[in-house]
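Chemist: Turn this into a structure:
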Amino acid sequence: MNDLRANPHIHDRQRGITFLLCTMVLWSFPTLAIEFLTEYMDLYTQSLVRFTAASVFLWTVCLVRSRKELLAGAWVLLRALPAVLAVFGYQYLVVRALYMKNVLPGLTFMVVRATVLFTAVMSCIFFADERSVMRDRRFIIGALLCLAGLAGFVVIGAGSGAPVDPASGVALIWGVLTILASAFCWSLYTILIKLLVRKGSPLVTYTYICTLMTIAFAALTYFKGEPLDKIPGGMRGAWVWIVAVGSGALCVGVGHVCYYYGIRILGTTVCATALLANMFFTPLLSHFIFGERFGWLHVVAGALLIVGSFFTIRARPRTHNKANKVRGTL
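Modeler: Predicted coordinates:
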């Protein structure tokens, strides 16, 4: 109690850590849910169900807590279109990869961590105040380690054992490249979001983006979707719908809300660094649920990606040197 009175920010920090822990847990399950649903739903249908559930949750939260901001933020619809295209590319590619042979959730989750490197590089390209980061030794070391880890995944791959024929090996490489393309789309989306949320509420912005994603997948499901006759009856079928709706509302909806609040309290660097800590949680679950196996080379490639991402995030613009020179002349 005395600590809280002495420093009122302690309570906010504790709340921020709680939000971040919730995000870490919730974002460990989407690839597992998508892989499970590939047996019962096509790409478009499962995406529609998941984003519809997320949109319903987000609109409910906004109408209860941010009604005025929701109405005032309608202007974001047109400006958000580039971000919607980027996140749509991410969603389509990452789900498409999970429909490919030998591509399982553990591999997908680890390779998607390339977003840390891609985001850092694109931030340096699009934002002048961050270009000096590329001269930071930590950024260079991190980038090289990330590239080494990603090269390891492309060369040796991962999944349910080593491929037994050349066709499987080629399919696995294409799967890894598809995941990397999805990671690039997510990083581009992050850059566009940074531009969007300079004004207005990030939560409201994401609510509109999620709604546009729902509309897009509704149209694709109508024209390209398949019948839901693969979904069995009884409790098994009920479990399929629970996974589809629950992963949308919780992982897409609640997870983003918690992440936004975590960023607001702790900052983007702390949150991004902490999220690297759960990199092997999803592969571990995938091992037990889907029988995904990893050799020591896969673990080494993942570790290189984690360490490289950590170094990349820790890099900072060289503003303090200029400040020190200014102080020295006064």
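Chemist: How about the contacts made by the nearest residue to residue 281 once chain neighbours are set aside?
Modeler: Leaving aside its sequence neighbours, residue 281 sits nearest to residue 28 (C-beta to C-beta, 6 or more residues apart in numbering; 4.9 Å). C-beta coordinates here come from the backbone N, C-alpha and C atoms, glycine included. Listed by C-beta atoms under 8 Å, 6 or more residues apart in numbering, the contact set of residue 28 reads 109, 278, 281, 282, 285.
Chemist: Pull out the buried residues from those residues.
Modeler: The neighbour count (16 or more other C-beta atoms under 10 Å) marks 109, 278, 281, 282, 285 as buried among the contacts of residue 28.
Chemist: lowest-confidence helix or strand of the chain?
Modeler: helix 320-329 (a mean of 42; mean pLDDT, DSSP states H and E).
Chemist: Could you name the helices and strands sitting against the helix or strand containing residue 246?
Modeler: Assigned by DSSP states H and E, residue 246 belongs to helix 234-246. Where contact means 3 or more C-beta pairs under 8 Å, 6 or more residues apart in numbering; DSSP states H and E, helix 234-246 is packed against helix 30-37, helix 43-65.
Chemist: Which of the ones you listed has the highest mean neighbour count?
Modeler: helix 30-37 (a mean of 23; mean count of other C-beta atoms under 10 Å).
Chemist: number of nearby residues for residue 229?
Modeler: If you count neighbours by other C-beta atoms under 10 Å, residue 229 ends up with 7.
Chemist: From residue 152, how far out is it?
Modeler: 41 Å (C-beta to C-beta, to the nearest Å).
Chemist: same question, residue 57
Modeler: On the measure of C-beta to C-beta, residue 57 and residue 152 end up 38 Å apart.
Chemist: Same check on residue 92?
Modeler: For residue 92 relative to residue 152 (C-beta to C-beta), the value is 26 Å.
Chemist: So among the buried ones among the contacts of residue 28, where is pLDDT lowest?
Modeler: Minimum pLDDT for those is recorded at residue 278 (68).
Chemist: if we can go back for a sec, looking at this, the residue nearest to residue 281 is in a helix?
Modeler: No - the assignment for residue 28 (DSSP: H, G, I helix; E, B strand; the rest coil) gives coil, which keeps it out of a helix.
Chemist: can you pull the pLDDT of it?
Modeler: The predicted local confidence for residue 28 is 86.
Chemist: likewise residue 275?
Modeler: 69.
Chemist: 683 is where my numbering starts, stick with that
Modeler: Okay, residue one is now 683; in that scheme the one you just asked about reads as residue 957.
Chemist: Tell me where the model's unsure across the stretch 733-882 of the chain.
Modeler: Within the stretch 733-882 of the chain, the segments meeting pLDDT under 70 span 755, 809-815, 836-851, 879-882.
Chemist: Show me the helices in it, by range?
Modeler: For the stretch 733-882 of the chain, helices defined by DSSP state H, counting those that start in this stretch occupy the ranges 749-754, 758-761, 763-780, 787-794, 797-808, 819-838, 848-878.
Chemist: who does the first one touch, helix- and strand-wise?
Modeler: Which is helix 749-754. Applying 3+ C-beta pairs under 8 Å, 6+ apart, one finds that helix 749-754 contacts helix 725-747, helix 884-906.
Chemist: Any buried residues in that helix, and which?
Modeler: Across helix 749-754, burial judged by 16+ other C-beta under 10 Å covers residue 752.
Chemist: The contacts of residue 710: which two are farthest apart?
Modeler: Farthest-apart pair in the contacts of residue 710 is 960 and 967; separation 10.5 Å (C-beta to C-beta).
Chemist: can you tell me which residue is nearest the centre of the chain?
Modeler: In the chain, the C-alpha nearest the mean C-alpha coordinate belongs to residue 868, at 6.9 Å (C-alpha atoms, centre = their mean).
Chemist: Which residue, other than its chain neighbours, is closest to it?
Modeler: Nearest non-adjacent residue to residue 868, counting by C-beta to C-beta, 6+ apart: residue 772, 4.3 Å away.
Chemist: OK, contacts around the one you found?
Modeler: If you count contacts by C-beta under 8 Å, 6+ apart, residue 772 has them with 864, 865, 867, 868, 871.
Chemist: Relative to residue 965, how far out is it?
Modeler: The gap separating residue 772 from residue 965 is 20 Å, by C-beta to C-beta.
Chemist: And for residue 927?
Modeler: Separation of residue 927 from residue 965 (C-beta to C-beta): 25 Å.
Chemist: So between those two, which is more surrounded?
Modeler: The neighbour count for residue 927 versus residue 965, taken as other C-beta under 10 Å, is higher for residue 965 (24 against 17).
Chemist: Noted, bye for now.
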